[in-house]
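1. Provide a 3D model corresponding to the input given below.
(one chain, ligands or ions: 1)
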Amino acid sequence: MPEAKKAIDVSGLSFQYPDTEEKVLNDINFSVDYGEILGIIGPTGVGKSTLAMCINGLIPQVIEGEMEGEVFVKGLNVHEGNVAKMSEHVGFVFQEPENQLSQMTIEEEVAFGMGNLGVPRQEMEPRIKDALAQVGLSGFEKRSPLALSGGQQQRLAIASVLAMRPTVMIMDEPTSMLDPKGKNEVYDVLKNLKDYGMTGVIIDHEVERIAAYCDKILVLDEGQIQMSGTPNEIFTRVERLHQLTLHAPQVTEFLFQYNQEFGQDLKLSTDLVEAIEILESAYVKD
Ligand SMILES: Nc1ncnc2c1ncn2[C@@H]1O[C@H](COP(=O)(O)OP(=O)(O)OP(=O)(O)O)[C@@H](O)[C@H]1O
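-> This is a model prediction of the structure:
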């Protein structure tokens, strides 16, 4: 079978939980190219996690409801493959690292998901080594996952997904339970993976990091895509984000306020990511 043109292709997707009166998702359309990272942002409770579960097949395979439209991952219709089959293609990293850990040692933890996929024993060892190296946990093989910090646990959860070699990695607020150090650790690891050409979907409220990390962004509200575009296109539309009760990275918020206060129409003179870095470098510690 020829490789599908898109890593993820979603068309006409609507979903309603059995006990709710309205659709959580209503006619969602987007696609993600191989090697691209898509960020999904939006106010609380607008269906971001529901959308993520439609991509890995948990909906409608495990979580029931009324679903319309189609979701393809690497050309595979998630309606048709079962969840076990989909887990070969879509890896999932959740909010709370501790809840994802079930094994006695770190190497067993990484081996666990591969075991479920039926990866042969002799192939597991190099994959474990490689995955732990990618998240900066080489040498930790025999330790207990519970002895790790929150940031390290989340990196371990990422390694467990990487070892399964999925087409797409979905991360649902992977840093929301972590302290600033843990958040930095995880985003540093993700940055490396992006450089390796991973395809990903990340849901996060951290707009600074989403802006720097993602190639494309969807803004979800009222079950629909309200905005879509590059981080630069999204985060320079500050007024629209405010209407949606969201905020932009500090640098574009500053610019917006300055323009309002002084009746100007100044624009960023550099790329958004560079502007974020410049602003961050302007802060010093005593
Ligand atoms: N299993 C379920 N059954 C019924 N309703 C649900 C279920 N799961 C979620 N919902 C409802 O669907 C809506 C969307 O929830 P979802 O978790 O997808 O939003 P979200 O944007 O990810 O929120 P958050 O930012 O808080 O994580 C909410 O109103 C939620 O209460």
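2. Now do the same contact list for the residue nearest to N26 when sequence neighbours are not counted.
-> Once flanking residues are discounted, N26 sits nearest to G223: 3.8 Å by Cβ to Cβ, 6 or more residues apart in numbering. From N, CA and C alone the C-beta is placed, and that goes for glycine too. Under the criterion of Cβ atoms under 8 Å, 6 or more residues apart in numbering, the neighbours of G223 are 14, 22-26, 28, 46-47.
3. Any idea which helix or strand in the protein has the lowest mean pLDDT?
-> Sorting the helices and strands of the chain by mean pLDDT, DSSP states H and E puts helix 83-86 at the bottom, at a mean of 78.
4. And the next helix or strand after it, what does it pack against?
-> The helix or strand immediately downstream of helix 83-86 is strand 90-93, counting by DSSP states H and E. Using 3 or more Cβ pairs under 8 Å, 6 or more residues apart in numbering; DSSP states H and E as the contact test, the elements touching strand 90-93 are helix 150-163, strand 168-172.
5. about what we covered before: out of the contacts of G223, which is most surrounded?
-> Using other Cβ atoms under 10 Å as the neighbour criterion, L25 leads these with 25 neighbours.
6. Any idea what that one is bridged to?
-> Taking DSSP bridges as the rule, L25 bridges to F15.
7. could you show me where the helices are in the stretch 51-200 of the chain, in order?
-> Taking DSSP state H, counting those that start in this stretch to define them, one finds helices in the stretch 51-200 of the chain at 58-61, 83-86, 106-117, 121-134, 150-163, 180-195.
8. weakest of these by average pLDDT?
-> Within those, the stretch with the lowest mean pLDDT is helix 83-86, showing a mean of 78.
9. just so I know, which of the helices of the stretch 51-200 of the chain lies nearest D215?
-> Closest approach to D215 among the helices of the stretch 51-200 of the chain (Cβ to Cβ): helix 180-195, 8.6 Å.
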